[in-house]
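Student: Sequence and computational prediction follow.
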Amino acid sequence: MDHTVIAVDTAKKVFQLHWVDHSTGSIERLQLKRTRMLEWFTLREPSLVVMEACGGAHEWARALAQLGHEVRLISPRKVRPFVQRNKTDAADAQAIWTACQQPGMRFVPVKTQAQQVVLSLHRIRAQLMKSRIMQTNELRGILYEFGLVLPEGHRALLKAMPDALVDAAQRLPAILMESLNEQMRRIAQLSQDIDQIEHRLAQQLRESPNCQSVAQIPGIGLLTATAVVASMGSPDAFKDAREFSAWIGLVPRQSGTGGRVRQMGISKRGDAYLRTLLMHAARSVVLRSHEASTWPWLQTLLKRRPYNVVVAAVANKLARTIWAVLAKGQAWNAQAWQGAH
């Protein structure tokens with residue numbers, strides 16, 4: 001393996017490359033059209049290729065790996081401090097080359113196409129959910145202007161909507177009622193589209209042993225199981241459970257000087273969508289534990305700490321448990337949670 005490090009700044013049409021020639025020590029820069037990218041690397045000896053983990057990076061990483069190159073993806077946040085003076089493609093490529101060789105640098109795991117497909121379904125569903133919330137809020141606001149108050153929440157709104165539309169039809173002109181009915185049809189179509197995506201995710205859950213193993217953990221359902229397995233990539237990318245939890249942003253943020261370090265709130269780094277799912281899962285676990293009086297350690301924790309702090313702690317524990325289940329290939333152990341601290 002040639003240890004030449006080639007940094008690539010990707011774009012839509014022109015790619016900028018930066019590397020150092022070992023034989024001469026000279027700095028090399030090269031611009032390549034998108035169509036010539038694979039052709040150039042095909043003729044190149046196997047090297048270490050580094051790119052920012054941005055749009056299209058995982059697809060390029062898989063293509064270059066098939067050509068025999070070792071590919072690493074680095075977070076753009078890690079690259080930004082090394083951009084000198086003006087920001088150009090050449091400066092970005094040089095910054096990538098410099099950042100990737102820093103001691104202790106962490107890289108983004110390259111995802112498979114199947115993992116990207118699952119995450120794409122999650123993104124589409126999240127966008128549809130946002131659109132449905134906008135549509136229902138608009139409908140609720142319009143009816144409120146005419147004295148009709150609808151309950152909050154999508155399910156409660158749909159349950160109360162038929163009676164509200166009957167009442168509105170007696171008070172409002174037909175020109176507005178036609179538009180309100182069209183709005184209801186749009187909401188129903190969005191709900192149908194969301195159900196279709198969840199059906200496809202459920203199929204992925206049935207076909208993936210890893211997703212099924214994760215789904216056995218308390219609080220972990222369809223969305224969280226499929227999202228966490230696809231986002232993690234391989235558990236081997238993390239040295240332990242705490243590193244995985246820190247990658248999601250569920251560990252305390254630290255601030256210190258003069259030898260004194262303070263523990264603060266969770267860092268909230270990493271994937272916000274995945275962190276949100278784990279926080280919702282943790283709330284479900286805490287609520288279920290409070291009602292059923294299970295897991296004495298959790299009951300004790302609720303007595304000593306505020307509710308939201310307990311939820312964050314349980315989310316952290318869920319993330320660590322997920323990594324342990326996937327890394328060790330063992331099923332979730334219910335007895336281990338009974339005596340957890």
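Tutor: Received it, and whenever you're ready, just let me know what you need. No experiment lies behind these values; they were computed from the predicted model shown. Numbers count the residues shown, from 1 in each chain.
Student: The chain: helices as residue ranges?
Tutor: Secondary structure of the chain (DSSP state H): helices at 37-42, 57-66, 76-79, 89-99, 113-145, 154-169, 174-207, 209-215, 222-232, 241-248, 272-292, 296-304, 307-328, 334-338.
Student: mind checking which of these is nearest residue 256?
Tutor: Closest of the helices of the chain to residue 256 is helix 241-248, at 16.7 Å (criterion: CB to CB). For every residue, glycine as well, the C-beta is placed using N, CA and C.
Student: pull the CA atoms of that closest one into PDB?
Tutor: Provided in PDB are the C-alpha atoms of helix 241-248 (Å, rounded to 0.1, in the frame of the first residue of the first chain):
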ATOM      1  CA  ALA A 241     -19.800   2.200  24.200                       C
ATOM      2  CA  ARG A 242     -18.900   5.600  25.700                       C
ATOM      3  CA  GLU A 243     -17.400   6.700  22.400                       C
ATOM      4  CA  PHE A 244     -20.500   5.700  20.500                       C
ATOM      5  CA  SER A 245     -22.600   7.700  23.100                       C
ATOM      6  CA  ALA A 246     -20.300  10.700  22.700                       C
ATOM      7  CA  TRP A 247     -20.600  10.400  18.900                       C
ATOM      8  CA  ILE A 248     -24.400  10.900  19.300                       C
END
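Student: State the mean pLDDT of it.
Tutor: Average pLDDT, helix 241-248: 91.
Student: Which strands or helices does it pack on?
Tutor: helix 272-292, helix 307-328 (3 or more CB pairs under 8 Å, 6 or more residues apart in numbering; DSSP states H and E).
Student: ok, and which of those helices has the densest surroundings?
Tutor: When these are scored by mean count of other CB atoms under 10 Å, the highest mean neighbour count falls to helix 307-328 (a mean of 20).
Student: Next, work out how far apart the residue sitting furthest away from the middle of the chain and residue 164 are.
Tutor: Residue farthest from the centre of the chain, counting by CA atoms, centre = their mean, is residue 170 at 47.2 Å. Residue 170 is 11 Å from residue 164, where distance means CB to CB, to the nearest Å.
Student: so what's in contact with those two at the same time?
Tutor: By CB atoms under 8 Å, 6 or more residues apart in numbering, residue 170 and residue 164 have no common neighbours.
Student: Distance to residue 264 added to the helices of the chain, as a markdown table?
Tutor: Below are those laid out as a markdown table (distance: least, CB to CB, whole Å):
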| stretch | distance to residue 264 |
| --- | --- |
| helix 37-42 | 43 |
| helix 57-66 | 32 |
| helix 76-79 | 19 |
| helix 89-99 | 26 |
| helix 113-145 | 28 |
| helix 154-169 | 35 |
| helix 174-207 | 35 |
| helix 209-215 | 29 |
| helix 222-232 | 25 |
| helix 241-248 | 14 |
| helix 272-292 | 16 |
| helix 296-304 | 19 |
| helix 307-328 | 12 |
| helix 334-338 | 27 |
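Student: Any idea which of these gets closest to residue 31?
Tutor: Residue 31 lies closest to helix 89-99 among these, at 7.6 Å (CB to CB).
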